[in-house]
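1. one predicted model, sequence on top.
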Amino acid sequence: MEETLSKREKKNRDVISSMFFSAAIVMIFTQLAGVVANIIDGIITSRCLGEDAFSAISLLIPFVGVIILFGAFLSTGSQVVCSGFVGNGNKKEANGIFTITIILGLIISAVFIIACIAIPDLLFKICGVSTDTHPEFYSDMMNYLHGYMLGIPAMILIQILGPFIVMDNDKSLFTISALVLCFSDIIGDLINAFVFHGGVFGMGVATSIAFFMQLLTVLIHFAKKNNYFKLSFSSVKKKFIFDIGKAGSPTFINRLATILRDLFVSRINLSVAIATSAVAARATQNDLNTLMFCIGMGIGKALLSMTGIYFGVNDKKGLKRLFGYSMKFTIIMSSVVGATLFIVAGLIARLYSDNPDVIALSIFSIRCMALSLVLDATTVVFQHYLQGIQNRKLVNLLNVVERLLIPVATAFVLGHFFGSKGVLASIAVGKLILVIFIFIMITIHCRHIPKKIEDYMYLPDNFGGDNNDNIYACIRTVKELVSESKRAESFCIEHGCEKGKAKYMALFVEEMAGNILQHGKARKKDGAFVDYRLSADNGEICLILRDYCAQFDPTAYYNIHNNPKDPFASFGIRIVTQRAKSINYFNAFNSNNIIIHL
């Protein structure tokens with residue numbers, strides 16, 4: 001059976017890969033759209049307002065990074081906690097997390113706006129700029145900040161709401177919202193540059209308006225009646241704040257380290273730069289690096305939520321398939337994009353400037369980044385996986401090493417010997433050093449050279465139980481259904497269940513999986529199929545069924561159509577509902593999930 005399943009999985013996507021692929025593409029695309037809008041800001045600003053204005057805006061990246069830090073902190077923290085609740089069917093707690101995260105996002109937005117108004121000079125000093133050191137940039141930075149700050153609430157709320165929408169199966173709307181952001185920002189920038197002539201301030205306002213246009217689009221989802229996630233103030237608990245903070249701490253440390261890295265590397269670059277062309281080239285590299293970072297970040301965000309779902313139910317094989325598929329997907333996609341970026345580096349550099357010095361340095365910086373793209377994306381995805389399995393100590397260590405210690409050290413050393421080119425090249429050298437560091441770390445952990453995928457997964461030895469305590473299968477035909485039903489009965493008896501209860505579990509498999517095969521409306525041409533797992537843990541038997549058909553909640557269907565006068569109405573679901581210890585249903589990433597405890 002296992003051999004047959006293995007061959008079949010090579011030909012057809014299982015539920016996990018289908019769920020992951022669609023979610024990852026959407027998350028990458030939506031991450032890209034926001035970054036593309038910022039890059040367009042840079043290109044139009046550089047072309048229409050000059051390289052000094054573009055450089056001034058780029059020097060605000062650390063402050064923008066702080067805003068993103070808090071948004072990402074809340075977003076990932078709520079994802080990790082909420083996916084655990086969703087995976088176990090605890091809708092009330094999931095909505096409590098959703099509600100408190102939005103409240104915290106609005107509070108943090110207000111604090112940022114007040115800071116922009118009250119202490120802009122301090123913010124600039126944190127970015128390494130003051131009227132004494134770089135007076136040529138100060139005025140443009142101030143004007144852009146005043147326009148940009150208006151969109152901070154929308155920017156943070158979009159980060160928070162996005163993963164919830166994807167989890168709630170409205171990927172298309174989130175994709176549309178990203179397009180709205182991109183086109184709104186392009187149109188706003190062009191109108192500002194050629195109609196209103198609003199300068200750098202107008203560029204900031206155009207970006208703010210674009211963020212609010214995206215937010216309004218996103219809110220359409222929450223106006224629908226059948227949402228999984230709704231505001232529920234009665235479900236909010238104080239402990240949720242601590243839970244979100246603990247789960248999101250790796251992201252906070254990651255972003256904080258990134259901000260500190262940008263600060264130190266920018267200062268190193270300013271200290272060795274002999275012309276503004278070096279600052280502009282570094283700004284171009286920052287833009288493109290942020291764009292390419294979206295590949296790892298988008299895949300990582302999709303992986304984060306799904307990891308929480310499988311980790312929460314101790315599904316080792318499911319987690320292994322998810323981890324393996326995500327890493328293959330990351331390597332293939334980042335390799336193709338990196339190669340393309342290396343080839344078209346000259347064309348991209350000329351979009352920003354006609355200055356030969358800026359173009360030459362920009363081409364060099366882009367190609368350095370392209371060479372490191374695979375290493376960057378895979379390490380980012382790996383860290384999101386570690387965060388999903390709640391290995392916070394390890395992911396925090398990697399965050400500090402990857403985002404701060406290695407890049408600053410390599411920029412300092414290479415900048416000392418090779419000037420601005422050394423600083424620009426440090427991005428590739430640093431990623432290579434990081435991968436070597438991770439390989440050594442895993443080798444020490446495993447006490448041997450890592451060869452199997454399990455060596456990289458950092459799961460506890462007893463995670464998922466013994467092989468004898470689990471049954472996995474992909475059911476596609478009635479013949480397989482009958483076979484798995486019989487195997488389920490034998491499995492339950494072997495694990496101490498009474499014959500009567502064992503027969504009920506066999507019935508559960510036959511009825512619930514049979515309903516999916518018979519009535520499920522498949523999204524793909526392959527037809528309906530069921531990912532099936534039966535597990536035993538301390539005498540408790542758990543059945544998990546996952547399918548990629550149209551949304552269908554059997555428990556809700558039974559409650560609506562239950563007819564006490566007709567003993568045969570919804571007979572199968574009735575037996576399962578009455579005899580099971582608990583039955584939970586949730587739909588996430590366009591996948592139906594049923595969890596039944598005997």
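-> Good, I have the coordinates. Values in this document were obtained by computation on a predicted structure and should not be read as measured data.

2. my read is residue 533 is in a strand, agree?
-> Yes - with DSSP: H, G, I helix; E, B strand; the rest coil as the criterion, residue 533 is located in a strand.

3. residues contacting it?
-> With contact set as C-beta atoms under 8 Å, 6 or more residues apart in numbering, residue 533 has these partners: 315, 317, 318, 470, 471, 472, 543, 544. Every residue, glycine included, has its C-beta placed from N, CA and C.

4. in stretch 410-430, what's buried?
-> For stretch 410-430, burial by neighbour count (16 or more other C-beta atoms under 10 Å) applies to 410-412, 414-415, 420-430.

5. which among these gets closest to residue 452?
-> Using C-beta to C-beta, residue 430 comes nearest to residue 452 of these, at 28.1 Å.

6. need the phi and psi values for the closest residue to residue 169 other than its chain neighbours.
-> Spatial nearest neighbour of residue 169, chain neighbours left out: residue 590 (5.1 Å); criterion: C-beta to C-beta, 6 or more residues apart in numbering. Dihedral angles of residue 590 (phi, psi; degrees, to the nearest 10) stand at phi 60, psi 30.

7. do residue 315 as well
-> According to degrees, to the nearest 10, residue 315 has phi -90, psi 90.

8. do the same with residue 597
-> Taking degrees, to the nearest 10 as the convention, residue 597 sits at phi -110, psi 130.

9. ok so, going back, reformat the contacts of residue 533 as CSV; add secondary structure.
-> Formatted as CSV, the contacts of residue 533 follow (three-state DSSP):
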residue, secondary structure
315, coil
317, helix
318, helix
470, strand
471, strand
472, strand
543, strand
544, strand
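
10. tell me which two of these sit farthest apart.
-> Farthest pair in the contacts of residue 533, by C-beta to C-beta: 317 and 543, 15.0 Å.

11. pick out whichever of these two has more residues nearby.
-> residue 543 (24 against 14; other C-beta atoms under 10 Å).

12. which elements pack onto the helix or strand hosting residue 180?
-> For residue 180, the host element (DSSP states H and E) is helix 171-191. Using 3 or more C-beta pairs under 8 Å, 6 or more residues apart in numbering; DSSP states H and E, the elements in contact with helix 171-191 are helix 15-49, helix 152-167, helix 199-219.

13. tell me the centre residue of this structure?
-> Nearest residue to the geometric centre of the chain (C-alpha atoms, centre = their mean): residue 301, 1.0 Å.

14. wait, which of the helices and strands packed on helix 171-191 is closest to residue 330?
-> Using C-beta to C-beta, those put helix 15-49 closest to residue 330, at 8.7 Å.

15. still on that earlier bit, reformat the contacts of residue 533 as CSV; add distance to residue 484 and pLDDT.
-> Formatted as CSV, those follow (distance: C-beta to C-beta, whole Å; pLDDT from 0 to 100):
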residue, distance to residue 484, pLDDT
315, 17, 82
317, 15, 84
318, 17, 83
470, 13, 87
471, 8, 87
472, 10, 86
543, 11, 86
544, 13, 86
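
16. separate out the buried members of the residues you listed.
-> Neighbour counting with 16+ other C-beta under 10 Å marks 315, 318, 470, 471, 472, 543, 544 as buried within the contacts of residue 533.

17. report the contact partners of residue 166.
-> Residues near residue 166 by C-beta under 8 Å, 6+ apart: 23, 26, 27, 174, 302, 305, 589.

18. and for the fourth one, the neighbour number?
-> Around residue 174 there are 25 other residues, counting by other C-beta under 10 Å.

19. ok, back up a step: and the residue nearest to the centre of the chain, what element?
-> Assessed by DSSP H and E, residue 301 sits inside helix 276-312.

20. what is the orientation angle of that helix with helix 152-167?
-> 40 degrees (axes from the mean of the first three to the mean of the last three C-alpha atoms, to 10 degrees).

21. I'd like the mean pLDDT over helix 276-312, please.
-> Mean pLDDT, computed over helix 276-312, is 76.

22. how far out from the middle of the chain is that helix?
-> Between the centre of helix 276-312 and the centre of its chain there are 10 Å (C-alpha atoms, centre = their mean, to the nearest Å).

23. sorry, back to before: could the contacts of residue 533 be laid out in TSV, adding distance to residue 49?
-> Below are the contacts of residue 533 laid out as TSV (distance: C-beta to C-beta, whole Å):
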residue	distance to residue 49
315	53
317	56
318	52
470	62
471	64
472	59
543	62
544	57
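
24. which residues in the chain form strands?
-> Remark: strands assigned in the chain by DSSP state E are 470-475, 530-537, 540-547, 582-588, 591-597.

25. can you give me the distance of residue 71 to residue 113?
-> To residue 113, residue 71 is 14 Å away according to C-beta to C-beta, to the nearest Å.
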